[in-house]
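A.B. asks: my questions are about this predicted structure, shown below with the sequence.
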Amino acid sequence: NGCVSDAASLPGAATITARPTVTSSFSAVTPLCIGDLLSLTIDHSLAGTYSVVYPIGGVAQPAIAVADNGAIDVADPTAAGTVAYDIESVSYTTAPACPSTDASNSSINVVTYALPTATVAAGLAVSACAPLSATVAITLTGDGPWNLEYTRDGIAQPTLTIADSPANPSYVYNWSVGTSGAYCITEVADANCNQTVTNQCFDVEINTVPSLVS
């Protein structure tokens, strides 16, 4: 109605701060073997500590507070396969939370390989007549080629290298052995992992061919 107030009587100015959205990503993880420790680190787009929600293999996990470049406590893998770790949202720990969207944050796939195995028949004993060699059947699993460490009569022997094979759940390698002794496989390694082997022993006997003496 034509009335004008004096500026000195007006409320003071207000400052409004808009928080930027924070996004996060997992640091890269090299493939693991069953039994390896899984360590995941989260990097934020802004320094600080934020509330992070991340499903594991599609299963939601409780939100956790994670600092920039901070490690999170996750279970070590117990089975072979690929598991997705997906950061669903990142929020401020004080209001307003301003959570980021799932699409704004990256995910990571953690690959775990099964451990290779090398087995022989229980109580195996093979023999041959010189100069022939005895044949020992070794059942292998894993992704070849394989390296076998073994002993003869308790003494370590040179590594036995076995070439790759067609993709089968297991592969039987027929090892030609020409020296007598008590053999034990102590370790097997494939293209991805290695593990100690126990209780996989066998006996080889190479007999001398009899001869007639006049």
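C.D. replies: Looks like it came in fine. Note that this is a predicted model, so its numbers are computed, not measured. Numbering: from 1, shown residues only.

A.B. asks: what's the nearest residue to Ser107 once chain neighbours are set aside in contact with, if anything?
C.D. replies: In space, and not counting its chain neighbours, Ser107 is closest to Asp86: 3.9 Å by Cβ to Cβ, 6 or more residues apart in numbering. The way it works is simple: take the backbone N, C-alpha and C, and place the C-beta from them, glycine included. Neighbour list for Asp86: Tyr54, Pro55, Gly58, Asp102, Asn105, Ser107 [criterion: Cβ atoms under 8 Å, 6 or more residues apart in numbering].

A.B. asks: wait, which of those residues is closest to Thr21?
C.D. replies: Taking Cβ to Cβ as the measure, Thr21 lies nearest Asn105 of the contacts of Asp86, at 10.1 Å.

A.B. asks: could you find the closest non-adjacent residue to that closest one?
C.D. replies: Going by Cβ to Cβ, 6+ apart, Asn105 has Ile87 as its nearest residue, at 3.8 Å.

A.B. asks: quick one: that neighbour from Thr93, how far?
C.D. replies: Going from Ile87 to Thr93 by Cβ to Cβ, to the nearest Å gives 16 Å.

A.B. asks: which of those two has more neighbours?
C.D. replies: More crowded of Ile87 and Thr93, by other Cβ atoms under 10 Å: Ile87, with 22 against 11.
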